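J.: What follows is a predicted structure for the sequence shown.
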Amino acid sequence: MSRLFVYPFIRLEKSSRVAKMCAGVVGLTVAYVSPAKADDDADLAAIKEQIKRLEQKVLVIEQHRHPGRIVSAHKDAVKGRASAVHANSAMSGHGVGVIASSSDNTPVEPQPLFSDDPQRAQRARPFLHLGGPDDNGGQPIAAASEEKNSSIDLSSSSPLAITQTEVDHLPPVFSIGNISVRLGGFLELSNIWRDSDLASGPATAWNNFPYANSPNHGLSEERLSAQLSRFSTLLEANPTSAIRLQAYIETDFGGSGGSTNSVQISGYVPRLRQGYFTFADKELGFHVLMGQAWSLTTNYAKGVLARSEQLPAVTDNNQIPGITFTRVPQIRLTKDWAEKYWLSLSIEDPQATVGFSSAMSSGGYLPAVGNEKVGARVYYQNSGGALLNPETNYTDNPAPDVVLKGAVDTSVGHYEVFGLARWFRSVIQSPGAAHTHKDTRFGGGVGGGMTVPLGTPKLQLAGNVIAGEGIGRYGPTLIPDTTFNSRGQMAPIPEIRGSLGLIGHPNKSVLLYLYGGVEAAGKKRFVAADGNQYGYGVTDQNLAGCDIEFGTCNAQTRTLASFTVGGWWHFLDGHYGSVMGGLQYTYIRKFAFKGDDGFGDSVNPTTTGNTVYATFRYLPFQQ
């Protein structure tokens, strides 16, 4: 079979000269690039006619060489190639040349995009190749047709079409040398309704639902947003049959800058979601990832490789309370045994969140303890410098986080366990001291996850849990990682977090889900010289104002529980792409550490939140 190739900056002289050059030639090579001229149509018609004549001549020669041989397969290839030339002819006015070629008089078999013989692949491929209808990105026609018949399959517990971009399952759009390029992503419109005003976009800040003292409590908000429209690119190459190189980048418009506003133009800025490259040796079962990706602490649906994460199939961009996730720069080394047993080590960029019962900026003084007149002075963060956000504070971390995970894939599900190690640092000027000193504290935790079919592939159970100290940053609620002790040292806060989800698939175009999640923090506090508690989880604050409008409420979150129900319907599919819609409801209940009402009676502040989320997505590359 012939292929369609695109060579930039190649021009075709008049069609009469092409006819003379091609007359009597069996293999055809035609290059055409033309500016918009009045005689373009005539040139194009002459080229098409010449192609038809030469294709007929190829068939005649084939029949002479192989008497009685049926060449219907070659005729189908001719038909497909002619259709491809017609489809690509519209590009001629944009300086792009279309080339159809066959190297000899015999039908040319379609070559795989990445041959086991890299030298053969290199000889057969031009520098820039646009996939056409006859080559299907290097896949056999039958396989490509089968893929198109099921462009989006929602039978997974965490379908990439929803949770990320299903770029791995798409055919290459074009190639550059021996590197294939796959495009993925979607255009999205979301409508978010919350019963309390959080002034949030399409990602709900779950811990920000206000208590009754705030005028925003019970003041509903409704927002339309296209910010989560997403675009991804996957580049792949196979230097050998065992080695694969990949580079992946993914972006959306969830960022904001100084000029961002929704008053006139709703101009939101692109942001880096993921951007990394990977190396894999299939024979050794060895994998390397470098760049920004989902943390290894994230639950996985299968194995521990990138783009296999077990993310909840929810519509809200901040996931659901109870799961463990974050996207961070990292270096990850992974070993697999028969793609069944997995061991992975990840070195990840840390940031810490700090909470304290009273206002405590970096460089401030803690309350005095014992007989001291002044407390320790503590430095723990700095505002962003070059290439960082100057409006954000960055903690002083001495070392990256370390995650070690083991996983196994069995016939009855995927299971994994992991350990997380973290380090926190503060710079302290002790009372009466003339100089500062550095202090480093250790935190971390252990966790696990699973994805299990419940007797049938149409019903799956997914869950995760983590417990430890200083792990708040790895959850969507963002309970603080750490607070301070009386000497100014970082004191990691105990926390446990977990979620459980039930995912159903009535058919491959419908996905229904039910999730429950909880995050709970423990106490880390000290008693100062004034007799009051300080730190996190204090229980002697006057919290009577939490239930009075315009009252003062310094409540600290103890537990946040959530219930989420929703579903997706993939209702339109074809060569024009795919369209799906999602609907979700989430209920939130937030509990604070108890305080008193100023008269000795206990107060237990609590608040609730309700969200309804409707989403529509058009996936143009899912064809």
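T.: Nice, thanks for sending it over.
J.: where in the protein is pLDDT low?
T.: Residues of the chain meeting the criterion pLDDT under 70: 1-38, 63-150.
J.: for it, longest helix please?
T.: helix 40-65 (DSSP state H).
J.: Leaving out chain neighbours, which residue sits closest to residue 595?
T.: Setting aside the residues directly before and after it, residue 595 is nearest to residue 543 in space (C-beta to C-beta, 6 or more residues apart in numbering), at 3.4 Å. No exception for glycine: its C-beta is placed from N, CA and C like everyone else's.
J.: residues near that neighbour, how many?
T.: 27 (other C-beta atoms under 10 Å).
J.: From residue 601, how far out is it?
T.: Going from residue 543 to residue 601 by C-beta to C-beta, to the nearest Å gives 11 Å.
J.: now swap in residue 198 and tell me
T.: Taking C-beta to C-beta, one finds residue 198 at 31 Å from residue 601.
J.: Counting neighbours around each, name which of these two comes out higher.
T.: Using other C-beta under 10 Å as the criterion, residue 198 and residue 601 rank with residue 198 on top: 19 against 8.
J.: Quick check, that one in contact with residue 222.
T.: No - assessed by C-beta atoms under 8 Å, residue 198 is found out of contact with residue 222, at 11.9 Å.
J.: Which parts of the stretch 301-450 of the chain are strands?
T.: 327-337, 341-348, 364-365, 377-379, 381-383, 393-395, 401-410, 413-429, 437-453 (DSSP state E, counting those that start in this stretch).
J.: so which of those strands comes closest to residue 605?
T.: strand 364-365 (26.0 Å; C-beta to C-beta).
J.: partners of that closest one in the sheet?
T.: strand 377-379 (antiparallel) (DSSP bridges).
J.: Off-centre distance for the strand it pairs with?
T.: Relative to its chain's centre, strand 377-379 lies at 37 Å (C-alpha atoms, centre = their mean, to the nearest Å).
J.: One more: stretch 446-463?
T.: 21 Å.
J.: Give me the contact list for it.
T.: 155, 157-158, 297, 299-302, 310, 312, 324, 412-420, 464-468, 498-506 (C-beta atoms under 8 Å, 6 or more residues apart in numbering).
J.: which non-adjacent residue is nearest the residue nearest to the spatial centre of the chain?
T.: Residue closest to the mean C-alpha point of the chain, counted by C-alpha atoms, centre = their mean, is residue 164 at 4.5 Å. Distances taken as C-beta to C-beta, 6+ apart place residue 307 nearest to residue 164, at 6.3 Å, with adjacent residues excluded.
J.: residues near the one you found, how many?
T.: 20.
J.: So what's the residue count around residue 568?
T.: 25.
J.: ditto for residue 165
T.: 27.
J.: From residue 409, how far out is it?
T.: 23 Å.
J.: cool, and residue 61?
T.: On the measure of C-beta to C-beta, residue 61 and residue 409 end up 53 Å apart.
J.: neighbour-wise, which of those two wins?
T.: Each of residue 61 and residue 409 has its neighbours counted (other C-beta under 10 Å); residue 409 has more, 21 against 13.
J.: is that one in a bridge, and if so with what?
T.: residue 414.
J.: The residue nearest to residue 362 when sequence neighbours are not counted: what's it in contact with?
T.: In space, and not counting its chain neighbours, residue 362 is closest to residue 381: 4.8 Å by C-beta to C-beta, 6+ apart. Residues counted as contacts of residue 381 (C-beta under 8 Å, 6+ apart) are 354, 362, 393-396.
J.: Could you turn the buried ones of the residues you listed into a ChimeraX selection?
T.: Here is the ChimeraX command that selects only those of those that count as buried (16 or more other C-beta atoms under 10 Å):
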select :354,362,393,395,396
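J.: mind giving me TSV with the contacts of residue 381 and columns for distance to residue 235?
T.: TSV is the format used below for those (distance: C-beta to C-beta, whole Å):
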residue	distance to residue 235
354	39
362	42
393	36
394	31
395	34
396	37
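J.: Touching, residue 189 and residue 227? I think so.
T.: No - look at residue 189 against residue 227 with C-beta under 8 Å: they stay out of range, at 10.0 Å.
J.: Which one of these two is surrounded by more residues?
T.: Neighbour count, other C-beta under 10 Å: between residue 189 and residue 227, residue 227 has more, with 22 against 17.
J.: Give me the three-state assignment for that one.
T.: Following DSSP: H, G, I helix; E, B strand; the rest coil, the label given to residue 227 is coil.
J.: The closest residue in space to it that isn't next to it in sequence: what secondary structure?
T.: Nearest non-adjacent residue to residue 227, counting by C-beta to C-beta, 6+ apart: residue 253, 4.6 Å away. What three-state DSSP gives for residue 253 is strand.
J.: Repeat that for residue 161.
T.: helix.
J.: and the gap between it and residue 152?
T.: 5 Å.
J.: Any idea how many residues pack against residue 339?
T.: Residue 339 has 12 neighbouring residues, counting by other C-beta under 10 Å.
J.: ok now do it, which residues does it touch?
T.: 285, 303, 409.
J.: Roughly how far does it sit from residue 303?
T.: For residue 339 relative to residue 303 (C-beta to C-beta), the value is 7 Å.
J.: what do these two both touch?
T.: With C-beta under 8 Å, 6+ apart as the test, residue 339 and residue 303 both reach residue 409.
J.: Burial check on residue 196, number of neighbours?
T.: Residue 196: 21 neighbours (other C-beta under 10 Å).
J.: ok, now how distant is it from residue 607?
T.: From residue 196 to residue 607 the distance is 8 Å (C-beta to C-beta).
J.: go on, residue 467?
T.: 25 Å.
J.: When the two are compared, which one has more neighbours?
T.: More crowded of residue 467 and residue 607, by other C-beta under 10 Å: residue 607, with 22 against 15.
J.: can you tell me how far the more buried one sits from residue 510?
T.: 34 Å.
J.: cool, and residue 183?
T.: 26 Å.
J.: where exactly do the strands run in the stretch 151-300 of the chain?
T.: Going by DSSP E, counting those that start in this stretch, the stretch 151-300 of the chain shows strands at 174-176, 179-194, 221-225, 230-237, 243-255, 269-281, 286-294.
J.: Can you lay out these as a markdown table showing distance to residue 453?
T.: Converted to a markdown table, those look like this (distance: least, C-beta to C-beta, whole Å):
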| stretch | distance to residue 453 |
| --- | --- |
| strand 174-176 | 37 |
| strand 179-194 | 27 |
| strand 221-225 | 35 |
| strand 230-237 | 28 |
| strand 243-255 | 28 |
| strand 269-281 | 27 |
| strand 286-294 | 23 |
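J.: out of those, which comes closest to residue 317?
T.: Nearest of the strands of the stretch 151-300 of the chain (C-beta to C-beta): strand 243-255, 6.7 Å.
J.: in the closest one, what's buried?
T.: Neighbour count says strand 243-255 has 243-244, 246-254 buried, by 16+ other C-beta under 10 Å.
J.: ok, it: who's next to it in the sheet?
T.: Assessed with DSSP bridges, strand 243-255 is paired to strand 230-237 (antiparallel), strand 269-281 (antiparallel).
J.: ok, and what's touching the shortest one?
T.: Which is strand 230-237. 114, 164-165, 167-168, 172, 178-186, 188, 244-252, 273-274.
J.: So what touches stretch 359-369?
T.: In contact with stretch 359-369 (C-beta under 8 Å, 6+ apart) are residues 358, 374-382, 393, 431, 484, 486, 488, 526-530, 532, 534.
J.: Centre of the chain to that stretch, how far?
T.: 39 Å.
J.: repeat for stretch 582-589
T.: 21 Å.
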